[in-house]
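Participant: Here is the input, now give the coordinates:
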Amino acid sequence: MKSLLAILALLLTAGINASAQFYDKPSHVSLEVQGVMPMGGYFAQSQKTGGGAAAKLIMPLSESADLVVSGGLFIFPGKMVPRGKTMINAGYLKPISLLAGFRYSFTPTDVLYDDEAMNTFYIEPRLGFSVIRSKSWVPTYAPTIGYLIRDKVDISFRYQATSSSNKYNQEAMLVFGVAYGLDF
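Facilitator: Okay, here's the model as predicted:
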């Protein structure tokens, strides 16, 4: 846990310094509402479609590149699952994710007088950790594609999955998010 916080602090510090030295666009926070569909294995068998919320710190590095650090909480209602000869409710699952990554925009997002240039598709690979059932941190990856509108409204679609040998800590999900960016 301490090493994860140290890595996130290092990325945050490096990103803010790089942003301040090489590019004038301010950092901003994006607040996101998510619809989430579980996929595959025990996770999909025991949980219904859920929702979530996330916050993402975006630190510009250049016209087309940003460093991102995000944290989110998902909530999944449980399904009825067999346990022996009876059926039980799997209960609510509330995984938490902390991810860091890099966003590449296909059109520079800072052109002020061209409306089309302010709307752009992007890709955003992210890596990090999630806490699921076992209360231990599990490695997580989340490739993302999205569309940014006027550098404020962010519509994204991602596949997020964990890498664990324990079936109760394995999760894979499709996440659809709509976010709004706030400058600071």
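
Participant: next one: phi and psi at the residue lying farthest from the centre of the chain?
Facilitator: Within the chain, the residue lying farthest from the chain centre (Cα atoms, centre = their mean) is Lys85, at 38.3 Å. Recorded main-chain torsions at Lys85 are phi -100, psi 0, according to degrees, to the nearest 10.

Participant: Phe121 and Phe106 touch, don't they?
Facilitator: Yes - counting by Cβ atoms under 8 Å, Phe121 touches Phe106, with 5.0 Å between them. (Glycine included, C-beta is placed from N, CA and C.)

Participant: Would you mind giving me the confidence score for the residue farthest from the centre of the chain?
Facilitator: If you check Lys85, the pLDDT there is 80.

Participant: cool, and Ala179?
Facilitator: 96.

Participant: which residues touch it?
Facilitator: Ser30, Leu31, Glu32, Val33, Ala54, Lys56, Val153, Asp154, Ile155, Ser156 (Cβ atoms under 8 Å, 6 or more residues apart in numbering).

Participant: So which of these are in strands?
Facilitator: Counted as lying in strands by DSSP state E, out of these, are Ser30, Leu31, Glu32, Val33, Ala54, Lys56, Val153, Asp154, Ile155, Ser156.

Participant: how many neighbours does the second one have?
Facilitator: To tie it back to what came earlier, the one meant is Leu31. The number of residues packed near Leu31 is 14, by other Cβ atoms under 10 Å.
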